[in-house]
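K.L.:
Got a sequence here, can you build the structure:
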Amino acid sequence: MAPSGITKSMSKSHSRAPIAPTGPTADALLAAAQRPPPRPSAEETLTGTNLALLQSGKFSDLTLRCRRSLRTYSPTESATTPSEWEEFKESESNVIELMDEEVDDVHRMLEFCYGRKYWEHPETEPASPSSTPTSTPTSSEGKDGKKTPSDRLYERYRDDERVRSEDEKRNDPVMVNIRMYAMGDKFGIPALKKHALKQIQRFSELTVGKLVSKRTGTGKRVLVEPRVEERAELVIRQWARIVEAATFVWEKTEDEEVLKLLVDPIARVSPWLTEIDKAKFDELLKRLATTVPEFCMRMFEKSCLESQKERTKMLEHFEEERVDWRANLKEIKADRDMWMAEAAEAHELRKSVTTFVDKVSDLLKRPASIKVFRCVYENCSSSKVLLPYVRGDTISFRCQDCGETYDANGEIAGICW
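P.N.:
Okay, here's the model as predicted:
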């Protein structure tokens, strides 16, 4: 039953054109018109309330102060889980000064703690169609498998081969996600680490790790693993971003999952950079010369492993081609033998036909002989002339009545062929 206030309001709005309750359809329309609008989910309401508390600073229990910018944040402890502030509990004055963190990163961390997401791109986040921030997913895919605004920004990026400023490097979304991952690890916020890693994975899926579209023999397009030169081209498109992120991630974290997403794509294509893009290879060598030995060792190890893996793939490919070639050769030999057999049969048939034509021509030269060219089988009394009969590659004569056949090279009724 709808509230009375809503019922009165709907009655006024329909006073000019009332719906006459003449049947079930009219009753259903009237009931639908009086139904109250759908309420937002509890999760959306809670998230929106939490973000509003963060922006207003009301009911704050703790103050985070960034010294470099003198900006103050006042998170509300009740809006987050206790584990997310575990590292902050060392402060007894309810004021924590963050010496090393970027002010914008602190804001993103708080935004995530309150709203379970953050915006990593320097571009302004597009307005959400809903009043709540949760309507724009930023996980590996958007709702219904559609790409999110964040996905499209990742795909749009192309390395223009110019030297990027420090601000551009710092505001790069991949760098932001690495710093957020490190902050989640430093301050004991596992959910933040998981979300940041998911964003780095999404970047890898959309750029250096994406599949390419190929057309099959039937004309259908499928997604397949790119060839090594195609993979190198994908890395080169993201070169400045991924190389800077790879060296940066080594300084910030030793997490194997993050290193695998950012360091390994470079190591995978580095053996082929000398042929594809020598300038990129020289730049990589210069960067390696200024990094820690462990990073160089990892790059060298991965490059060797990838070279060996690619060599193994090539050998397997050559072996498959060799097997296919041998199978094709067997088919060719079988086809050749079949063709030769058919050619031999055709030759014999042609020879038999030639002989038959010659003998029939000779018979026609002696019309009197045709009268006695009849079946001589003892149980047959047919008076009809024998007719030519072809079976397979042989030609003979056959009686029209009893079906007895006679070799064209034999003797019939005293007529010698």
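K.L.:
Could you report the neighbour count for Phe373?
P.N.:
Using other Cβ atoms under 10 Å, Phe373 has 19 neighbouring residues. Every residue, glycine included, has its C-beta placed from N, CA and C.
K.L.:
same check, this time on Met109
P.N.:
By other Cβ under 10 Å, the residues close to Met109 number 24.
K.L.:
mind listing the helices for the stretch 151-300 of the chain?
P.N.:
For the stretch 151-300 of the chain, the helices defined by DSSP state H, counting those that start in this stretch cover 166-171, 173-186, 190-206, 228-237, 239-252, 256-262, 264-276, 278-289, 293-364.
K.L.:
Mean pLDDT and mean neighbour count added to those, as JSON lines?
P.N.:
Output for the helices of the stretch 151-300 of the chain, formatted as JSON lines (pLDDT from 0 to 100; neighbours: other Cβ atoms under 10 Å):
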{"stretch": "helix 166-171", "mean pLDDT": "85", "mean neighbour count": "13"}
{"stretch": "helix 173-186", "mean pLDDT": "90", "mean neighbour count": "22"}
{"stretch": "helix 190-206", "mean pLDDT": "88", "mean neighbour count": "19"}
{"stretch": "helix 228-237", "mean pLDDT": "76", "mean neighbour count": "17"}
{"stretch": "helix 239-252", "mean pLDDT": "78", "mean neighbour count": "20"}
{"stretch": "helix 256-262", "mean pLDDT": "81", "mean neighbour count": "17"}
{"stretch": "helix 264-276", "mean pLDDT": "75", "mean neighbour count": "19"}
{"stretch": "helix 278-289", "mean pLDDT": "74", "mean neighbour count": "14"}
{"stretch": "helix 293-364", "mean pLDDT": "81", "mean neighbour count": "12"}
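K.L.:
Quick one: these as TSV, columns for distance to Phe373 too.
P.N.:
Below are those laid out as TSV (distance: least, Cβ to Cβ, whole Å):
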stretch	distance to Phe373
helix 166-171	105
helix 173-186	99
helix 190-206	88
helix 228-237	79
helix 239-252	94
helix 256-262	93
helix 264-276	84
helix 278-289	91
helix 293-364	7
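K.L.:
Arg108: which of the ones you listed is closest?
P.N.:
Evaluated over the helices of the stretch 151-300 of the chain, closeness to Arg108 peaks at helix 173-186, with 6.1 Å, by Cβ to Cβ.
K.L.:
tell me the angle that closest one makes with helix 190-206.
P.N.:
150 degrees (axes from the mean of the first three to the mean of the last three Cα atoms, to 10 degrees).
K.L.:
do you know which of the helices of the stretch 151-300 of the chain lies nearest Leu64?
P.N.:
Closest to Leu64 of the helices of the stretch 151-300 of the chain is helix 173-186 (Cβ to Cβ; 11.9 Å).
K.L.:
sorry, back to before: indicate which one of the helices of the stretch 151-300 of the chain is closest to Ser396.
P.N.:
Using Cβ to Cβ, the helices of the stretch 151-300 of the chain put helix 293-364 closest to Ser396, at 8.9 Å.
K.L.:
helices or strands up against that closest one?
P.N.:
Under the contact criterion of 3 or more Cβ pairs under 8 Å, 6 or more residues apart in numbering; DSSP states H and E, helix 293-364 touches helix 239-252, helix 264-276, helix 278-289, helix 367-371, strand 394-398.
K.L.:
quick one, what contacts Ser270?
P.N.:
281, 284, 299, 303, 306 (Cβ atoms under 8 Å, 6 or more residues apart in numbering).
K.L.:
Identify the residue nearest the third one in space, chain neighbours excluded?
P.N.:
Just to be clear, that refers to Met299. Nearest non-adjacent residue to Met299, counting by Cβ to Cβ, 6 or more residues apart in numbering: Ala267, 5.2 Å away.
K.L.:
The one you found and Ser307 touch, don't they?
P.N.:
No: between Ala267 and Ser307 there is no contact under Cβ atoms under 8 Å: 9.6 Å.
K.L.:
picking that back up, ok, so what distance separates the residue nearest to Met299 from Glu251?
P.N.:
For Ala267, the distance to Glu251 (Cβ to Cβ, to the nearest Å) stands at 18 Å.
K.L.:
Next: Arg170.
P.N.:
14 Å.
K.L.:
circling back: I'd like the helices and strands packed on helix 293-364 as a markdown table, with distance to Leu387 appended.
P.N.:
Below are these laid out as a markdown table (distance: least, Cβ to Cβ, whole Å):
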| stretch | distance to Leu387 |
| --- | --- |
| helix 239-252 | 86 |
| helix 264-276 | 77 |
| helix 278-289 | 85 |
| helix 367-371 | 12 |
| strand 394-398 | 6 |
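K.L.:
and Pro388, which of these is closest to it?
P.N.:
Closest to Pro388 of the helices and strands packed on helix 293-364, according to Cβ to Cβ: strand 394-398, at 6.2 Å.
K.L.:
Between helix 293-364 and the closest one, find me the angle.
P.N.:
Going by the same axes, to 10 degrees, strand 394-398 makes 30 degrees with helix 293-364.
K.L.:
So that it lines up with my notes, have the first residue be 47 from now on.
P.N.:
Got it, first residue is 47 now, which makes that one strand 440-444.
K.L.:
If you count neighbours, what's buried in strand 440-444?
P.N.:
Neighbour counts over strand 440-444 (16 or more other Cβ atoms under 10 Å) mark 441-444 as buried.
K.L.:
Count the residues that sit near the closest residue to Trp285 other than its chain neighbours.
P.N.:
Nearest non-adjacent residue to Trp285, counting by Cβ to Cβ, 6+ apart: Asp205, 4.6 Å away. Neighbours of Asp205 under the rule other Cβ under 10 Å: 16.
K.L.:
now swap in Val309 and tell me
P.N.:
Residues contacting Val309 under the criterion other Cβ under 10 Å number 22.
K.L.:
and it, what are its phi and psi?
P.N.:
Main-chain dihedrals, Val309, degrees, to the nearest 10: phi -80, psi -40.
K.L.:
And the residue nearest to it when sequence neighbours are not counted, how far from Arg333?
P.N.:
Taking Cβ to Cβ, 6+ apart as the measure, Val309 lies nearest to Ala292, with 4.8 Å between them; neighbours along the chain are not counted. Using Cβ to Cβ, Ala292 is found at 9 Å from Arg333.
K.L.:
now Arg382
P.N.:
60 Å.
K.L.:
ok, now Val422?
P.N.:
Going from Val422 to Arg333 by Cβ to Cβ gives 104 Å.
K.L.:
Could you do Ala278 as well?
P.N.:
Look at Ala278 and Arg333: by Cβ to Cβ, they are 17 Å apart.
K.L.:
I am finished for the moment; much appreciated.
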